[in-house]
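K.L.:
okay, here's the prediction I keep looking at, along with the sequence it came from:
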Amino acid sequence: MLNYGICRDFDLSESQTLYCEIGSLRLWLKKIKNEVILAHCQSEEVDEFFSYSEDEIPENAKQTRWSWESDKLEVSLAPTLHDRDLVFRAMKPIFLPSKERVDFYVSPCVKLKISFNNKFIINLPIIRYSETWFGKDPTIGDLCYAVKTRGTVDPDEIIKKKYRFVCHVSVYNEGATPISIDKLKVLTEYLRLYQDGEGYLYSDSLVIRQSEDSVKIAMSKPHITGKNLKKIFDARTALQTIFMKAFSVLLEH
């Protein structure tokens, strides 16, 4: 485990409470005899903060109890990706002429994976995203999460936090006519996550090539100059290159 950013390991002893602030997530973990209390709630977005606390868990926090007979308890925190694709809007709708390319940058939030002694317990949202339907009509499309931050063509404008990952999306118009782009879907199922030496997160780059009758999609390791990136999360589904017949499965305009 890389013990920086939001990748963290903590030892909890009897009656000890771990308190974490990550984005909008507030998390409490308390070890008592034969069980662990896990409590969480949402609040305003802040940077990450971790401490051992003697404060009582607030009443408004949602609590669950986990049976745990072992005296040893090592809590591991790690980023993981959402189980649905993420949809973001361009900062402004953009037209892409034939044989041209545009690059978008977006920084969605990850989820927090919690493990006890290397046993998976639960994934919690660091920032709750609302559900959105992405498709031309109710019969064609997917249920996704709507990312609140907008995609930008300027990488210097993205929000960099250690609980967000930077995703670079390139769109090539290989057709004969212009296309317009307003919303774009990030395929989380195929993404890997990487962490740099400061704890910031990056995903694979997504490359979309649109022709007259199909879409070619490929992933590649992020090209970040001057950063020593370490892979910390494997894609749920391996992907080199895939083809889709409908451009609308990735873009809306």
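P.N.:
All right, it came through fine.
K.L.:
how about low-confidence regions in the stretch 1-150 of the chain?
P.N.:
1-2 (pLDDT under 70).
K.L.:
correct me, but residue 61 touches residue 42?
P.N.:
No - Residue 61 is beyond contact range of residue 42, at 9.8 Å (criterion: Cβ atoms under 8 Å). Every C-beta, even on glycine, is put in place using the N, C-alpha and C of the backbone.
K.L.:
tell me, what's touching those two both at once?
P.N.:
Common neighbours of residue 61 and residue 42, counting by Cβ atoms under 8 Å, 6 or more residues apart in numbering, are residue 26.
K.L.:
state the helix or strand in which the spatially closest residue to residue 201 that is not a sequence neighbour lies.
P.N.:
Distances taken as Cβ to Cβ, 6 or more residues apart in numbering place residue 165 nearest to residue 201, at 3.9 Å, with adjacent residues excluded. In the assignment (DSSP states H and E), residue 165 maps to strand 165-173.
K.L.:
next helix or strand past that strand?
P.N.:
Where DSSP H and E defines the elements, the next helix or strand beyond strand 165-173 is strand 179-186.
K.L.:
could I get the CA-only coordinates of that following strand as CSV?
P.N.:
Only the C-alpha atoms of strand 179-186 are listed here, as CSV (Å, rounded to 0.1, in the frame of the first residue of the first chain):
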residue,chain,number,x,y,z
ILE,A,179,-20.1,16.9,-35.3
SER,A,180,-21.1,18.8,-32.2
ILE,A,181,-20.2,17.7,-28.6
ASP,A,182,-22.1,18.7,-25.5
LYS,A,183,-21.9,15.6,-23.2
LEU,A,184,-19.4,12.8,-23.1
LYS,A,185,-19.4,9.4,-21.3
VAL,A,186,-16.3,8.0,-19.6
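K.L.:
can you pull out the strands in the stretch 101-250 of the chain?
P.N.:
For the stretch 101-250 of the chain, applying DSSP state E, counting those that start in this stretch gives strands covering 101-106, 111-116, 119-125, 130-137, 140-146, 165-173, 179-186, 193-195, 201-203, 205-210, 215-220, 230-233, 241-244.
K.L.:
angle of the fifth one against strand 179-186?
P.N.:
Strand 140-146 and strand 179-186 meet at an angle of 70 degrees, taking axes from the mean of the first three to the mean of the last three Cα atoms, to 10 degrees as the criterion.
K.L.:
just the second one next, same as before
P.N.:
Relative orientation of strand 111-116 versus strand 179-186 (the same axes, to 10 degrees): 10 degrees.
K.L.:
which residues touch strand 111-116?
P.N.:
Under the criterion Cβ under 8 Å, 6+ apart, residues 6, 22, 25, 27, 29, 36, 38, 66, 68, 73-82, 120-126, 163 lie in contact with strand 111-116.
K.L.:
residue 159 contacts residue 109, doesn't it?
P.N.:
No - between residue 159 and residue 109 there is no contact under Cβ under 8 Å: 9.6 Å.
K.L.:
check which helices and strands the strand holding residue 165 sits against.
P.N.:
If contacts are counted by 3 or more Cβ pairs under 8 Å, 6 or more residues apart in numbering; DSSP states H and E, strand 165-173 sits against strand 101-106, strand 179-186, strand 201-203, strand 205-210.
K.L.:
just the buried residues of stretch 176-195, please?
P.N.:
Neighbour-count burial for stretch 176-195 flags 179, 181, 183-188, 190-195 (criterion: 16 or more other Cβ atoms under 10 Å).
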